[in-house]
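Chemist: This is the structure alone, sequence omitted:
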């Protein structure tokens, strides 16, 4: 079992993040669908040049997709 300190540091390991990204979340069957829903909500919300909060709980792949969708938005 992971404690919070271990989990927090996991994404700081480049190999872990790279493996997650290239593996397309094989352990999470709904990963692509979840990302599509998130992006649709952001697009339909007409955020435009607004601010999107990145919770910092991953490799940055979703943050990249958000900025691709909303290039005038700020990601904090």
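Modeler: Great, that's in hand. On a predicted model such as this, the values are computed, not experimentally measured, just so you know.

Chemist: all strands for this protein, in order.
Modeler: Secondary structure of the chain by DSSP state E: the strands cover 51-52, 74-75.

Chemist: In a markdown table: these, plus distance to residue 21 and mean neighbour count.
Modeler: (Glycine included, C-beta is placed from N, CA and C.) Listed next are these as a markdown table, based on distance: least, CB to CB, whole Å; neighbours: other CB atoms under 10 Å:
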| stretch | distance to residue 21 | mean neighbour count |
| --- | --- | --- |
| strand 51-52 | 20 | 12 |
| strand 74-75 | 17 | 12 |
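
Chemist: and of those, who's closest to residue 35?
Modeler: strand 51-52 (13.9 Å; CB to CB).

Chemist: Just checking: what are the partner strands of the closest one?
Modeler: strand 74-75 (parallel) (DSSP bridges).

Chemist: Now do the strand it pairs with: everything it contacts.
Modeler: Contacts of strand 74-75 with the rest of the structure, by CB atoms under 8 Å, 6 or more residues apart in numbering, involve 49-52, 54, 63, 66-67.

Chemist: again, only using 10 Å
Modeler: For strand 74-75, contacts defined as CB atoms under 10 Å, 6 or more residues apart in numbering pick out 47, 49-54, 60, 63-64, 66-67.

Chemist: Rebuild the residues you listed as TSV, extending it with pLDDT and distance to residue 10.
Modeler: Putting the contacts of strand 74-75 into TSV (pLDDT from 0 to 100; distance: CB to CB, whole Å) gives the following:
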residue	pLDDT	distance to residue 10
47	76	29
49	77	33
50	84	30
51	88	27
52	87	23
53	87	21
54	87	17
60	83	13
63	90	17
64	91	19
66	92	21
67	92	23
